[in-house]
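In: When you get a sec, could you give me coordinates for this:
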Amino acid sequence: MSIIERSFTRFRQDPASIRKSTGAIMGTTVMVVVIGAVVVRVFDQEEYPTFAEAVWFTLQTVTTVGYGDNTPDNFMGRAVAAVVMITAIGLITVVTAAITSVFVEAARSERSTSQRNEQKELMERLIASVDNIATRLDRIETASPTLMTSDDDPASNPNETHS
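Out: Next up is the predicted model:
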């Protein structure tokens, strides 16, 4: 597994931090700039004689600033510029969408946990109410045994159907 795959896997396992999101976006951008600069430097040494000039060109291109003072004239330089632009736009879009979906899922999970806790509290209150009613009914039956006969008690006649 590559370092990028491991980083993305770690990010997905514990996503909900702005610091990690920023790191993922910045890391992707830096990677595109460096790789683009290396390719431009290797294939277009006439226009970009130093690595620093190649980095400046790809940085302008990846950020879509493109001041216009540093544009390639030959085919290879323009091809690299096109690939850097398309890759940068695509990667940043995908990374941003992935980060957004992770935040949405974290919020959904938190909301679901909150709803489960609310349901648990409601169920506990209902059980307490039923227990309270049963206790009160027992006290009433104990105080007045003649109020309820065995024919009135549904538990004493299981064959009888009640509506």
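In: Dump stretch 79-88 to CSV, restricted to CA.
Out: Written as CSV, here are the backbone C-alpha positions of stretch 79-88 (Å, rounded to 0.1, in the frame of the first residue of the first chain):
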residue,chain,number,x,y,z
ALA,A,79,1.0,19.5,-22.6
VAL,A,80,2.4,19.4,-19.1
ALA,A,81,0.6,22.6,-18.3
ALA,A,82,-2.7,21.1,-19.5
VAL,A,83,-2.2,18.0,-17.5
VAL,A,84,-1.3,20.0,-14.4
MET,A,85,-4.4,22.1,-14.7
ILE,A,86,-6.8,19.3,-15.4
THR,A,87,-5.2,17.1,-12.6
ALA,A,88,-5.2,19.9,-10.1
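In: Give the rounded mean pLDDT of that stretch.
Out: Mean pLDDT, computed over stretch 79-88, is 81.
In: And the contacts of that stretch?
Out: Stretch 79-88 is contacted by residues 29, 32, 36, 39-40, 43-44, 57-58, 61-64, 71-72 when judged by C-beta atoms under 8 Å, 6 or more residues apart in numbering. Using the backbone N, CA and C atoms, a C-beta is placed for each residue, glycine as well.
In: Same question for it: list its buried residues.
Out: Within stretch 79-88, the residues that count as buried by 16 or more other C-beta atoms under 10 Å are Val80, Ala81, Val84, Met85, Thr87, Ala88.
In: residues near Ile25, how many?
Out: 15 (other C-beta atoms under 10 Å).
In: Quick check: buried residues in the one helix or strand it maps to?
Out: Here Ile25 sits within helix 18-43, counting by DSSP states H and E. For helix 18-43, a neighbour-count test (16+ other C-beta under 10 Å) marks 20-21, 24, 28-29, 32-33, 36-37, 39-41, 43 as buried.
In: Could I get the CA-only coordinates of stretch 107-120 as CSV?
Out: In CSV, the C-alpha atoms belonging to stretch 107-120 read as follows (Å, rounded to 0.1, in the frame of the first residue of the first chain):
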residue,chain,number,x,y,z
ALA,A,107,-22.6,14.8,11.4
ARG,A,108,-25.1,12.1,10.4
SER,A,109,-23.5,9.6,12.8
GLU,A,110,-23.5,12.2,15.6
ARG,A,111,-27.2,12.9,14.9
SER,A,112,-28.0,9.2,14.8
THR,A,113,-26.3,8.7,18.2
SER,A,114,-28.2,11.6,19.6
GLN,A,115,-31.5,10.2,18.4
ARG,A,116,-30.7,6.8,19.9
ASN,A,117,-29.9,8.4,23.2
GLU,A,118,-33.2,10.3,23.1
GLN,A,119,-35.1,7.1,22.3
LYS,A,120,-33.3,5.3,25.1
